[in-house]
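Peer 1: requesting a structural model of the entry that follows:
(2 chains)
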Protein chains: 2
Amino acid sequence: MNEYVIDVSITPREGLLDPQGKVVLNALRSLDFDEVADVKVGRLIRLRILAPNMEVARERADEMCRRLLANPVTEEYELELENIS
Amino acid sequence: MNEYVIDVSITPREGLLDPQGKVVLNALRSLDFDEVADVKVGRLIRLRILAPNMEVARERADEMCRRLLANPVTEEYELELENIS
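Peer 2: The predicted model follows:
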């Protein structure tokens, strides 16, 4: 078995409202960070899992996202895997 | 000016309590994802900013984290930059 760290980045779907992102954008602008064009606020879930290889690790993490971690209607997610064995 | 997308991954500092992570871990275990050893729940902030080059983009994003986005006492953050011009 190998050990993997998997970063699941969950963001609001393009085109959906992101009120938290709007708040952060306004706060940055009020601090004179005028170069900021857009902000999205999402969630990061960092999993540490055991799996025989990277394909299985990715498949299982994907299943966790579909069954629990992400809301497929309003959110999209990306997986980033690293072997830390 | 170039345009950059910067993913700011904010996680609870090692050793601090992460009650959300604990809840997600328990939920995954109850769905029979027994291979999960640990879960951390953090925030993902995706910035789109204009900057003359990648060094300046990173420096400014780092300043945004220190001044607004992250709590240095309880959280740590990583930056991931991509030039999308």
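
Peer 1: buried stuff in stretch A:23-31?
Peer 2: Taking 16 or more other CB atoms under 10 Å in any protein chain shown as the neighbour-count basis, stretch A:23-31 is seen to contain the buried residues A:24, A:25, A:27, A:28. Using the backbone N, CA and C atoms, a C-beta is placed for each residue, glycine as well.

Peer 1: what are the ranges of the strands in chain A?
Peer 2: Under the criterion DSSP state E, strands of chain A are mapped to A:2-12, A:36-51, A:75-83.

Peer 1: what packs against the last one?
Peer 2: The reference is to strand A:75-83. When contacts are defined as 3 or more CB pairs under 8 Å, 6 or more residues apart in numbering or on different chains; DSSP states H and E, strand A:75-83 sits against strand A:2-12, helix A:54-64.

Peer 1: would you format the ones you listed as JSON lines with mean neighbour count included?
Peer 2: Formatted as JSON lines, the entries for the helices and strands packed on strand A:75-83 read as follows, by neighbours: other CB atoms under 10 Å in any protein chain shown:
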{"stretch": "strand A:2-12", "mean neighbour count": "20"}
{"stretch": "helix A:54-64", "mean neighbour count": "17"}
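
Peer 1: can you redo those as TSV with mean pLDDT and distance to residue A:45?
Peer 2: Compiled in TSV, the helices and strands packed on strand A:75-83 are given as follows (pLDDT from 0 to 100; distance: least, CB to CB, whole Å):
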stretch	mean pLDDT	distance to residue A:45
strand A:2-12	97	4
helix A:54-64	98	9
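
Peer 1: just put these in TSV and tack on distance to chain B.
Peer 2: TSV is the format used below for these (distance: least, CB to the nearest CB, whole Å):
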stretch	distance to chain B
strand A:2-12	5
helix A:54-64	6
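
Peer 1: for residue B:3, which of the ones you listed is the nearest?
Peer 2: strand A:2-12 (17.9 Å; CB to CB).

Peer 1: counting by contacts, list what that closest one packs against.
Peer 2: In terms of contact count using 3+ CB pairs under 8 Å, 6+ apart, strand A:2-12 is assigned the packing partners strand A:36-51, helix A:54-64, strand A:75-83, strand B:2-12, strand B:36-51.

Peer 1: at 6 Å instead, please
Peer 2: strand A:36-51, strand A:75-83 (3 or more CB pairs under 6 Å, 6 or more residues apart in numbering or on different chains; DSSP states H and E).

Peer 1: now do that strand against strand B:75-83, angle only.
Peer 2: Orientation check (axes from the mean of the first three to the mean of the last three CA atoms, to 10 degrees): strand A:2-12 against strand B:75-83 gives 70 degrees.
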